[in-house]
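Visitor: Model the following, please.
(one chain, ligands or ions: 1)
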Amino acid sequence: MPPMTTAIIMHGAAGRMGQRILSLAADNNDFSISAGVDLKPGTLRALGVPSDAPLVQALPAKAGSVVIDFSHATVTPGVIAHCAEHGMPLVIGTTGVSPDEQAALIEQAASAIPIIWAPNMAIGVNVVFEIAARIAKTLGLDYDIEIVEAHHHHKVDAPSGTAYGMSDAICEATGRTRSDLVHGREGHTGARTRGEIGMHALRMGDVVGDHTAYFVGGGERITLGHMAHTRDIFANGALRAAAYLATQQPGRYTMKDVLGL
Ligand code: NAD
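Guide: Here you go, the predicted structure:
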């Protein structure tokens, strides 16, 4: 029997991520492209994607295809409603929706479709989240944790969603919350409090994305880092998530499920 291919519909097809995901899918026999969706008219070929699949301006209702959304926070809720209505599994990489709204939207859709929404789809990053959580839980509060991220000088928000992903994983594993985060100390801050997690953002040049967690105490230091060299790591993770969801029952999934962590 030939291996099963995963049919994808790319929402945000003309975007930086959309184009990379489509190009990688076109080069991979495990995937077929059902359609690209974007605001701009044109063809996938004109975008440089070697595929005859159509580029359309509205999300089609195509059972059997997994939708991948890397578009804009304002339109992702509509994408979720459409996919839930038409029974299409959904991988969301779009960021910028508040955590509360995101949780409510996923909750609603998960009874109808398999859905995953990850702030960082990179496989290595998600492995690092898991290891960071394990280290923090094992070391306990006697070890100070500081997270430092670095990005290119165009990035407009700080700290990055990935830095929050790292701190969230640590908080979840150790009974802490985002109220334990201390952002970029300055001035007379007083001594460090037990259990706080320092968050620091560097902005410089063309750095794609570096994340480092320090665990320091008892005369020793553990440094756990991830450096992104190319945005393709997110595209590859999104495709792996799409292949995973294609065979799942409705429900909420995470990159931990996708990677079997
Ligand atoms: P981009 O601006 O290059 O692309 C977004 C695309 O979505 C554009 O082509 C735009 O025309 C399209 N779009 C906007 N509204 C639309 C609509 N109503 N219908 C159809 N298409 C629409 O952005 P990008 O760099 O590709 O990033 C997209 C999103 O993915 C951002 O939220 C970004 O933060 C996020 N992102 C997530 C990850 C991850 O791993 N989760 C990685 C990289 C980027």
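Visitor: got the residues of the stretch 151-261 of the chain near the ligand?
Guide: Within the stretch 151-261 of the chain, the positions near the ligand by C-beta under 6 Å from any ligand atom are Phe234. Glycine gets a C-beta too; all of them are placed from N, C-alpha and C.
Visitor: in the stretch 151-261 of the chain, what residue is nearest the ligand?
Guide: Residue nearest to the ligand within the stretch 151-261 of the chain (C-beta to the nearest ligand atom): Phe234, separated by 3.7 Å.
Visitor: OK, contacts around that residue?
Guide: Taking C-beta atoms under 8 Å, 6 or more residues apart in numbering as the contact definition, Phe234 lies against Met17, Gly93, Asn120, Met121, Ala122.
Visitor: Surely it is in a helix?
Guide: Yes. Assigned with DSSP: H, G, I helix; E, B strand; the rest coil, Phe234 falls within a helix.
Visitor: State the pLDDT value of it.
Guide: Per-residue confidence (pLDDT) for Phe234: 96.
Visitor: do the same with Ile170
Guide: 98.
Visitor: Quick check: which of the contacts of Phe234 are also close to the ligand?
Guide: Filtering the contacts of Phe234 for proximity to the ligand by C-beta under 6 Å from any ligand atom leaves Met17, Gly93, Asn120, Met121.
Visitor: give me the residue from the chain nearest the ligand.
Guide: Gly15 (2.0 Å).
Visitor: And for that residue, nearest residue in space, chain neighbours not counted?
Guide: Phe70 (5.9 Å; C-beta to C-beta, 6 or more residues apart in numbering).
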